[in-house]
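1. Next come a sequence and a model predicted from it.
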Amino acid sequence: MLFSDFPDLTVNSATNADQQSIVQLIDTCYQEYGDRVVLDGDDSDLLNIESNYRDRDGEFIAVTDSTGSIIGTHAVVPLDKARGLCTFRRLYLEKSYRGSGLGQALMLWAIQWARNTGYSRVEFWSDTRFTRAHQFFRKLGFETSLETRDMDDGIQPYSEYFFWLDFPPKAL
């Protein structure tokens, strides 16, 4: 599944001007689990998207619908370039687009971006409450040991599972 399968949607690099719409999308997703965005906690990266992603040699994309509303996001951030390690963050979709293949297109974009940029492994943490997302990650080949970490930087304490995927770096 590719973005071309969604001709009514537009994919762009997110900018700081998109911050309010992105926060609103993510907050709506969090509210499904009784949580909220905390900009002075775990979500502080959203205060300056350009600095926290592109200025760190990563990328953050936003998907907009025909009305110009942001309905999806995804991001890649380098962790250790020398080891070929990056992380994925901010994979969120408006509820009506879940199951449409757009999430898969976003994840495949992130994998391809990471490979094209020279990374060979992605690692990330995902809230244990996001069970549907975990099934999706495993379907795409991501592995988990079900290792968890406890977090307290949100409205309420939560736990996260660790996921990873190894892929050969793109030949230069």
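-> Structure received. Keep in mind that what you see is a predicted model, and the values were worked out from it rather than measured.
2. biggest helix in this protein, by residue count?
-> In the chain, taking DSSP state H as the definition, the longest helix is helix 102-116.
3. Let me know the next secondary structure element after that one.
-> Moving toward the C-terminus from helix 102-116, the first helix or strand encountered (DSSP states H and E) is strand 121-127.
4. Give me the next element, helix or strand, following that following strand.
-> Downstream of strand 121-127 (by DSSP H and E), the next one is helix 131-139.
5. thinking again about what came up before, show me what the longest helix of the chain is packed up against.
-> Helix 102-116 makes packing contacts with strand 59-64, strand 70-80, strand 85-93, strand 121-127, helix 131-139 when contacts are defined by 3 or more CB pairs under 8 Å, 6 or more residues apart in numbering; DSSP states H and E. For every residue, glycine as well, the C-beta is placed using N, CA and C.
6. got the angle between it and strand 59-64?
-> Helix 102-116 runs at 150 degrees relative to strand 59-64, counting by axes from the mean of the first three to the mean of the last three CA atoms, to 10 degrees.
7. Make 822 the starting number, not 1.
-> New numbering, starting at 822: the last item is helix 923-937.
8. Just the CA atoms of helix 923-937, as CSV, please.
-> The C-alpha coordinates for helix 923-937 follow below in CSV (Å, rounded to 0.1, in the frame of the first residue of the first chain):
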residue,chain,number,x,y,z
LEU,A,923,-3.1,4.4,5.4
GLY,A,924,-1.3,3.3,8.6
GLN,A,925,0.5,0.7,6.6
ALA,A,926,1.5,3.3,4.0
LEU,A,927,2.8,5.5,6.8
MET,A,928,4.8,2.7,8.3
LEU,A,929,6.2,1.6,4.9
TRP,A,930,7.2,5.2,4.2
ALA,A,931,9.1,5.4,7.5
ILE,A,932,10.9,2.1,6.9
GLN,A,933,11.9,3.2,3.4
TRP,A,934,13.0,6.6,4.6
ALA,A,935,15.1,5.0,7.3
ARG,A,936,16.7,2.5,4.8
ASN,A,937,17.3,5.3,2.3
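9. With Asn833 as the reference, name the closest of the helices and strands packed on helix 923-937.
-> Closest approach to Asn833 among those is made by strand 880-885 (5.9 Å; CB to CB).
10. what lines up beside the helix or strand of the chain with the lowest mean pLDDT in the sheet?
-> The weakest-scoring helix or strand in the chain, judged by mean pLDDT, DSSP states H and E, is strand 964-972 (a mean of 92). According to DSSP bridges, strand 964-972 has the following sheet partners: strand 979-987 (antiparallel).
11. If you count neighbours, what's buried in the strand it pairs with?
-> Within strand 979-987, the residues scored as buried using 16 or more other CB atoms under 10 Å are 979, 981-982, 984, 986.
12. got it, and stretch 900-919?
-> For stretch 900-919, by 16+ other CB under 10 Å, it's 900, 905-915, 918-919.
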